[in-house]
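K.L.:
Could you look at this predicted model? Sequence included:
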Amino acid sequence: QLQLVESGGGLVQPGGSLRLSCAASGFTLDYYAIGWFRQAPGKEREGVSCISSSGGSTNYADSVKGRFTISRDNAKNTVYLQMNSLKPEDTAVYYCVEGYYCSGYLPRPLGSWGQGTQVTVSS
């Protein structure tokens, strides 16, 4: 059973940084593109970033471009999302999902959703 587990969320002040991790359980990430999504209270889930299986291609939503960096360590079976210069509007539950390829900043087709990790940006 494919399972991705997100971690690394927390409370941070505006302008601060967090690094989220997406760890695979029960399968190897090597062959999958991985995308990050987020869902803020009262809003629809939105794509944030996607990284190809090799790590050679990365894409970002305009709202996070220049502030977030997606990366992967296939040896550790983990994908990361480094988030810098955080803003209150980045507050959301963040999810990672596998796909076969990135279509822009979205993995396609979408795999299964994990529990997510809460990120709160507030002073």
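P.N.:
Here it is on my side, so go on.
K.L.:
tell me, what residue is most central in this protein?
P.N.:
For the chain, the residue sitting closest to the mean C-alpha position, by CA atoms, centre = their mean, is Trp36 at 2.7 Å.
K.L.:
which element is the residue lying closest to that one once chain neighbours are set aside on?
P.N.:
Once its chain neighbours are removed from consideration, Trp36 has its nearest residue in Val48; the separation is 4.4 Å (CB to CB, 6 or more residues apart in numbering). (Glycine included, C-beta is placed from N, CA and C.) Using DSSP states H and E, Val48 maps to strand 46-51.
K.L.:
Strand partners (parallel or antiparallel) of the next helix or strand after that strand?
P.N.:
Taking DSSP H and E as the definition, the helix or strand that follows strand 46-51 towards the C-terminus is strand 58-60. The strands beside strand 58-60 in its sheet (DSSP bridges) come out as strand 46-51 (antiparallel).
K.L.:
State whether Ser85 and Leu18 are indeed in contact, as I suppose.
P.N.:
No. With the criterion set as CB atoms under 8 Å, Ser85 and Leu18 do not qualify as a contacting pair; they are 11.1 Å apart.
K.L.:
Is Glu89 in a helix, a strand, or coil?
P.N.:
Put simply, Glu89 is helix when judged by DSSP: H, G, I helix; E, B strand; the rest coil.
K.L.:
Can you get me a residue count around it?
P.N.:
10 (other CB atoms under 10 Å).
K.L.:
Could you measure from it over to Tyr95?
P.N.:
The gap separating Glu89 from Tyr95 is 17 Å, by CB to CB, to the nearest Å.
K.L.:
picking that back up, you'd agree the residue nearest to the centre of the chain is up against Thr69?
P.N.:
No. With contact defined as CB under 8 Å, Trp36 does not reach Thr69; the gap is 10.9 Å.
K.L.:
Mind listing the shared neighbours of the two?
P.N.:
For the pair Trp36 and Thr69, residues contacting each of them under the criterion CB atoms under 8 Å, 6 or more residues apart in numbering are Leu81.
K.L.:
So which bits of stretch 108-123 are buried?
P.N.:
Taking 16 or more other CB atoms under 10 Å as the neighbour-count basis, stretch 108-123 is seen to contain the buried residues 111, 114, 116-117, 119, 121.
K.L.:
Thank you kindly, that will do.
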